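K.L.:
Generate a structure from the sequence data that follows.
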Amino acid sequence: MKQDIKKLLGLQHLWVDSWKIYDDKVIVNVRNPRTSCMCIHCTCITKRIHQYKTRKIKHSIWQDKEVVLNLKYRRFYCKKCNRVFTEYIEGIDKKSTTKNYRNILLKQLSCNSLNYTSQVTKSSSSVLYNTLHENRLKTKNIDWKNEGNNIILGIDEHSFRGRNMVLTLTNISKGKLLDVLENDRKNTLDNWLKNIDSKRIGEVCIDMRRMFLYSVKEYIPNANIVVDKFHVIAYVNKAMDEIRSIIVPKRKVRKLLFKGKEKLNENERLKLKEIFKENKNFNSLYESYFIKERIRSFIY
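P.N.:
Sure thing, here's the model as predicted:
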């Protein structure tokens, strides 16, 4: 059973002592199987243990549960140089997450916002930003031959609570994150687009920022440009909500108007009809809702 757990979680290089499954997480107790360690100062081998310590490290997500390693590690004492050092364990560094967990975050960030990824993975904004910038250093040189032809390039901006905006570039054809730019400025995007193989890109998916449109038209003139449907619906909802806030300030009404027509239950449909009836003198409320639903039916 322990061997199966190790293979499932990619922990073949560690010794699994035990594990426990909770409602929202899985705790796996692990340690280094080696009995000796090489001194980082003088390269001598020592077995003398100075101290035992433990760390909790996020490692994976299994069936919507967070897998956390409860790592028991050692500090060794070297008799030759009389110095204490911490043992090296493959795949684990000083960060609060493993490389495996950071790869999971990158997959989430390639198609979701920072705020949504933070909620789903329960990761802090600093962990997400560090993961993005760490990945950026690895993806500066992209082998476009391996990316294929007629690539669908996705350009999207991410932020955490509207701050520290960054741009992510994605090969939507393969669901692969290509690069993460340090900010959302036009000159930063332009510098990136200058150095790509634009002939391989057949389509570009952007949000509704004109800056993206101008940059793509300039550097990838032959590509088809489409706007992400999520941003279109978000823009329509925002326009409808501005009208709603003037006519009906109630927040409960806002939720009903935002909800898709096909998702409303019978009770919600009756409430919505009553709202339109009460505000029949303000046709703009119903008209904005009608336009929103027509756009949704066209997109979906």
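
K.L.:
When you work out contacts or count neighbours from here on, use the C-alpha atoms and nothing else.
P.N.:
Will do.

K.L.:
Which parts of this structure are strands?
P.N.:
In the chain, strands defined by DSSP state E lie at 15-21, 25-31, 37-38, 45-46, 49-62, 65-78, 83-86, 151-160, 163-171, 176-181, 201-206, 224-227, listed in chain order.

K.L.:
Run a quick neighbour tally on residue 43.
P.N.:
12 (other CA atoms under 10 Å).

K.L.:
Check the one 3 residues further on too.
P.N.:
Here the count is done by other CA under 10 Å, and residue 46 has 16 residues near it.

K.L.:
What residues are bridge-paired with it?
P.N.:
The residues paired with residue 46 through beta bridges, assigned by DSSP bridges, are residue 37.

K.L.:
That one and residue 75, how far apart?
P.N.:
11 Å (CA to CA, to the nearest Å).

K.L.:
try residue 266
P.N.:
Residue 266 sits 65 Å away from residue 75, going by CA to CA.

K.L.:
Mind checking which of the two has more residues around it?
P.N.:
residue 75 (17 against 9).

K.L.:
Tell me what that one is bridged to.
P.N.:
According to DSSP bridges, the residues that bridge with residue 75 are residue 51, residue 86.

K.L.:
Identify the residue nearest the geometric centre of this protein.
P.N.:
residue 109 (2.2 Å; CA atoms, centre = their mean).

K.L.:
what sits against it?
P.N.:
Residue 109 makes contact with residue 117, according to CA atoms under 8 Å, 6 or more residues apart in numbering.

K.L.:
repeat that for 10 Å
P.N.:
Residue 109 sits next to 103, 115-118, 128, 131-132, 158, 168, 177 when contact means CA atoms under 10 Å, 6 or more residues apart in numbering.

K.L.:
Same check on residue 23?
P.N.:
Shown here is residue 23, whose contacts under the criterion CA under 10 Å, 6+ apart are 64-66.

K.L.:
Can you tell me which of these is nearest residue 250?
P.N.:
The shortest approach to residue 250 among those belongs to residue 64, at 34.7 Å (CA to CA).

K.L.:
What is the neighbour count of residue 153?
P.N.:
Burial of residue 153, expressed as a neighbour count using other CA under 10 Å, amounts to 25.

K.L.:
Please apply the same query to residue 14.
P.N.:
Residue 14 has 18 nearby residues by other CA under 10 Å.

K.L.:
tell me the phi and psi of it?
P.N.:
In this entry, residue 14 is assigned phi and psi values of phi -120, psi 160 (degrees, to the nearest 10).

K.L.:
And it, how far from residue 188?
P.N.:
Taking CA to CA as the measure, residue 14 and residue 188 are separated by 42 Å.

K.L.:
how about the CA coordinates for the lengthiest helix in the chain, as PDB?
P.N.:
Counting residues, the longest helix found in the chain (DSSP state H) is helix 229-247. C-alpha atoms of helix 229-247 as PDB (Å, rounded to 0.1, in the frame of the first residue of the first chain):
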ATOM      1  CA  LYS A 229     -16.500  35.000 -24.500                       C
ATOM      2  CA  PHE A 230     -16.000  35.300 -20.700                       C
ATOM      3  CA  HIS A 231     -14.900  38.900 -21.100                       C
ATOM      4  CA  VAL A 232     -17.800  39.700 -23.500                       C
ATOM      5  CA  ILE A 233     -20.400  38.400 -21.000                       C
ATOM      6  CA  ALA A 234     -18.600  40.100 -18.100                       C
ATOM      7  CA  TYR A 235     -18.800  43.400 -20.000                       C
ATOM      8  CA  VAL A 236     -22.500  42.900 -20.800                       C
ATOM      9  CA  ASN A 237     -23.300  42.100 -17.200                       C
ATOM     10  CA  LYS A 238     -21.400  45.200 -16.000                       C
ATOM     11  CA  ALA A 239     -23.400  47.400 -18.400                       C
ATOM     12  CA  MET A 240     -26.700  45.800 -17.200                       C
ATOM     13  CA  ASP A 241     -25.700  46.200 -13.600                       C
ATOM     14  CA  GLU A 242     -25.200  49.900 -14.000                       C
ATOM     15  CA  ILE A 243     -28.800  50.300 -15.200                       C
ATOM     16  CA  ARG A 244     -30.000  48.000 -12.400                       C
ATOM     17  CA  SER A 245     -28.200  50.000  -9.700                       C
ATOM     18  CA  ILE A 246     -30.200  53.100 -10.600                       C
ATOM     19  CA  ILE A 247     -33.600  51.500 -10.900                       C
END
